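Q: Coordinates for the following, if possible.
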Amino acid sequence: MRFTKPAWVMHKDSAMRGDEKRVSMFSCHVHPDGSRIATGGLDAKVRIWSTKPILNHASELSGRPPKSLCTLTMHTGPVLVVRWAHSGRWLASGSDDEIVMIWDLDPTAKGKVWGSDEVNVEGWKPLKRLVGHESDVTDLAWSPGDRYLASVGLDSAVMIWCGYTLERLRKIDQHQGFVKGVCWDPVGEYLATGSDDRSVRIWRTTDWELEAEVKKPFDHSPGTFFRRLSWSPDGAHITASNATNNEGYVFIAAVIARNTWTSEISLVGHENTVEVAAYNPHIFLRDPSQPVTAPNICSVVALGADDRAVSVWQTKAPRPLIVAKDVFERQIMDLSWSNDGLTLYAVSSDGTMAVFSFDATELEGIAPRSAQEQYLKRFGFVPPPLPEGFSHQIPTEPTKSQGSNRITPPPSPRAQSQDFGSAAPATVQSGGEQVHTLIAKRKPKKRIQPTFAGSLSGSVPSSSANGINAVPSSKPVSSVLTSAAPSRPFHDVPSSNNIPISVPSTSALQLSISQPFGESASSFGLGLNTGESAEDFPMDLDGEVRISSLDTAATSGKGKRRAGDEADDRVATKARTLGGDRVRENVAVRPITSRSAAPMSISSLLSDGPGLAGRLEAPQLVTYLKVTVEGGEDILEGRNAEGDEPNEVLFVSRGQTQWLDYLSSPILALVATSAFCAVAMQDGSVNVYSHTGRRLMPALSLGVPCHTLTGSKHTLMLLTVSGMLYVWDVRNQAAKFSPTSINPILAPSPNLTIISAVVRPNGAPVIQLSDGVAHTYDPALLTWTKLSEPWWAEGSDAWQGRQRTSQISTRGPVAIIESTVSERMAVDNSRAEKVRPAWWNAALTLGHLESKLHAAKALDSPQEYKQALLLYAKRIADEGFRAKAEELVKELFGPVYWRPNRDDSWSPTTLGMSKRDLLKEVLVIFVRSKTLTKLGQDWQEIMKKAQNGD
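A: Okay, here's the model as predicted:
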């Protein structure tokens, strides 16, 4: 057996920006083809993950296929349960918001998640909202063949929905407490629910009436988050969680026998309440050489409990196969077996997932699914007919399926039609179910995006709150079960010899599992095997995970019509993009010498002063350039031809070209922000594009090549080799200021060079020179100003790195600049012992803080401005400089009789902060000082009068 705990499978707290705090996971469920797993969590999101990176370490390291496939965000409360349909076509989720949501695959829904940096590799959109519950939806279950969907919740109700039309068929409200678990009989004859009224109730699917009520093992059961129960694949037993023995002192899982509906069997050993039970979907044979008969059949069931342990039992043995203790830090919330019966997934309220992978030899006697299907036919139960014209199977389209290795989503399960029209009057089907017949309205064939059932492109349709409450048929069932699987001995096991195992949270590790409940323990060797073949997990060339249920052509059953017999040529498998059909080829990066720029005239180089002649060079011309979009994973590429072929710029998202453009001049530099892309060319022109390839501005002609091209959000900056600096606001298509030369900051010394040149989102350029001085251009002053310089490190107590830990704020732009200066200039923060003037330290500290205030204002950093202001006030108070203090107070207070919209000579805010609010904090510092207490108190009184309008 192999144990894995993928740290990257997590639900995050959206309020904790930058700090990836895990939140509870309440549910998980593996897709029937095993390629993906869905999880629901406290963040009100459903997340879909690839299973290959979980099970295959090499895939995890390579990132192929992507780990996170999709994030679904339509719920407004914590998602308590997620369940895939048996067909794999739909996903159902239940939430704290009282809604059951049905999700369907939508190839057009890929892209960034709204309000997040996450990217959906594949798209799932809400097909329908099932409305009817009046409180939290705690559990869901699809019946065999997806004929029905059952939902239960804290409103004590059990809802039965049609698995095809998604209309409500029945509401059962006989429970007297919260209903927290539901499961279907694999035969299809019964439905079981577990409730806080300390009972498990069995309901007939023929008339939805009560068959039996089991109360004995639950008389003293405590309250738990869930009561998830499971029905064995042979239909013989229900294993129910949250049961007890000995008047509540022994925590057990109760095994309820079919037909007698009694619980004479208990699974004993957990040290706290059992929260969830999950049967392996396969039946197991005690003797594989013997036929599939009731005495030769056994099952495997997994339990998760509040003692943070997971146990796996096989009904032919009195002791569990394994018990894994301390796998989680909090209780287990849900368990899910893969369809092949060899992998068990568990999630916990601590926000983590654990995975147990078995070999077929460890779970001996596993039988194929066909053996189970053959065995269940012996019960003689005939399920009700399907709604006419509906099927979850896929029409055979061999011509489209061959030769394609990518996801091709078919139409959703629906009636045989091109498009849905209005609902006709309801017709009563046999079995007492009332179904809306959907009338098709044929439209002209056009190459448009698909319209899924439920109008996915528009608002999400909801089921009627009243539902379709069909009157159940009172006709007795004609066929009575004459033989049922007899109860097998399932001995009570005492809780003894518990040997815990410690499981650290690592990506993949070896784990020694022992048999904790018996004497003769046989250990399974655990190790990570990364040698799985690629065929185990279908994947296309771009790293997408295929869904086998959507790729495999299935034949329709007898007497049923297949959904979509007529081909719908309106369904596009992929959005058409400019250049998206072209195979992307790798280009080697090498310099190009055959297309070098013509030499510039001496006059153009000297036009901005002799101090810049030859000191700024254009980037080297190469065959391939690439930049990543700011804050994302998309790529902007530039490809320069070595001959006479055109040069190309391409925008690539998830391995596919989204758009391209051909350029007449070779590309020198690229930049891609979250709002735009820009290309600087050798002939001095600049093109600015949106992320869809639309030109946002006309081509800019600067006359000379660029030295630096950079951007931030909506701001673009370019520095030419002649020393002219340009900054544009792309959103408003305007320059931030007139083009200016950097000659004033470079000319003083011929050895000065530019170390870095960036631009802030507010349009302020930041030029850092080799002498350690950082400059910006102030459009209001029409001159260059200093942001920081090594000089302040000689004596300022406020220099970055010399402050006490409590004084260091989050790293803003000014702090980053000072750190860079310190590293580059090797500033000695220990202060070399030199003879300094008497006021050296005070003068440099105050000068540095005043300079820092101006720098924070220029770079639009309000947090750093406020921090520097308070440090400045503290230093003034410590030194007792009353004149400086009064001047600062008056500057922040403004005119005494100032009124809004009447006097524009003074602004009441700075960097979005109220000056008088800042003054209140400054005055608190003055009042607490030894020298400026009276000044602070006087101005506090003035502040109160001004606030009251006196």
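Q: which non-adjacent residue is nearest Val214?
A: Using CB to CB, 6 or more residues apart in numbering and skipping residues adjacent in sequence, the residue nearest Val214 is Val200, 4.5 Å away. All C-beta spots, glycine's among them, are computed from the backbone N, C-alpha and C.
Q: From Ala192, how far off is the one you found?
A: For Val200, the distance to Ala192 equals 6 Å [CB to CB, to the nearest Å].
Q: Which neighbours do those two have in common?
A: Here Val200 and Ala192 share the contacting residues 229, 238, 240, scored by CB atoms under 8 Å, 6 or more residues apart in numbering.
Q: Flag the shaky bits of the stretch 51-200 of the chain, pLDDT-wise.
A: 114-116 (pLDDT under 70).
Q: re earlier: what helix or strand does the residue nearest to Val214 sit in?
A: Val200 is part of strand 199-204 when elements are defined by DSSP states H and E.
Q: buried stuff in stretch 318-326?
A: 318-325 (16 or more other CB atoms under 10 Å).
Q: what comes up buried for the very next helix or strand once past the strand holding Val200?
A: Sequence-wise, the next helix or strand downstream of strand 199-204 (DSSP H and E) is strand 210-214. With burial defined by 16+ other CB under 10 Å, the residues of strand 210-214 counted as buried are 211-212, 214.
Q: go on, stretch 718-736?
A: Going by 16+ other CB under 10 Å, stretch 718-736 has these buried residues: 718-728, 730, 736.
Q: Next step: these restricted to strands.
A: Residues of the buried residues of stretch 718-736 located in strands (DSSP state E): 718-720, 724-728.
Q: now, which of these sits nearest Leu888?
A: Closest approach to Leu888 among these (CB to CB): Val727, at 31.9 Å.
Q: roughly how far apart are that closest one and Ser861?
A: 18 Å.
Q: where does Arg916 land in three-state SS?
A: helix (DSSP: H, G, I helix; E, B strand; the rest coil).
Q: Let me see the contact set for it.
A: By CB under 8 Å, 6+ apart, the contact list for Arg916 reads 892-894, 908, 943, 946.
Q: Drop anything exposed from these.
A: Here, 16+ other CB under 10 Å leaves 892-894, 943 buried among the contacts of Arg916.
Q: out of those, who's nearest Pro281?
A: Among the buried ones among the contacts of Arg916, and counting by CB to CB, the member closest to Pro281 is Leu892, at 70.5 Å.
Q: is it true that the closest one touches Glu921?
A: No. Leu892 is not in contact with Glu921 according to CB atoms under 8 Å; the separation is 9.9 Å.
Q: on that earlier part again, just the ones of the buried residues of stretch 318-326 in strands?
A: Among the buried residues of stretch 318-326, DSSP E puts 322-324 in strands.
Q: Turn those residues into CSV, including pLDDT and distance to Gly365.
A: Putting those into CSV (pLDDT from 0 to 100; distance: CB to CB, whole Å) gives the following:
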residue, pLDDT, distance to Gly365
Ile322, 90, 16
Val323, 92, 21
Ala324, 92, 22
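Q: Now render those residues as CSV, adding distance to Val545.
A: Putting those into CSV (distance: CB to CB, whole Å) gives the following:
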residue, distance to Val545
Ile322, 29
Val323, 33
Ala324, 28
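Q: so Tyr624 touches Arg639, yeah?
A: Yes. Shown here, Tyr624 and Arg639 form a contact pair, counting by CB under 8 Å, at 5.9 Å.
Q: Between those two, which is the more surrounded one?
A: Remark: of Tyr624 and Arg639, Arg639 carries more neighbours, 21 against 14, as counted by other CB atoms under 10 Å.
Q: Show the end-to-end separation of stretch 49-68, please.
A: 5 Å (CA to CA, to the nearest Å).
Q: quick revisit: can you tell me which of the buried residues of stretch 718-736 is nearest Ile252?
A: Of those, the one sitting nearest to Ile252 (CB to CB) turns out to be Val730, at 66.6 Å.
Q: pretty sure the closest one contacts Met697?
A: Yes. Counting by CB under 8 Å, Val730 touches Met697, with 6.6 Å between them.
Q: So for these two, which residues contact both of them?
A: The overlap between the contact sets of Val730 and Met697 (CB under 8 Å, 6+ apart) consists of Val688.
Q: Tell me the one among the buried residues of stretch 318-326 nearest to Gly655.
A: Set against Gly655, the nearest of these by CB to CB is Ala324 (38.3 Å).
Q: where exactly do the helices run in this protein?
A: Taking DSSP state H as the criterion, the chain contains helices spanning 52-55, 57-62, 369-376, 398-401, 548-551, 602-605, 743-746, 813-825, 840-858, 862-879, 882-893, 915-928, 933-948.
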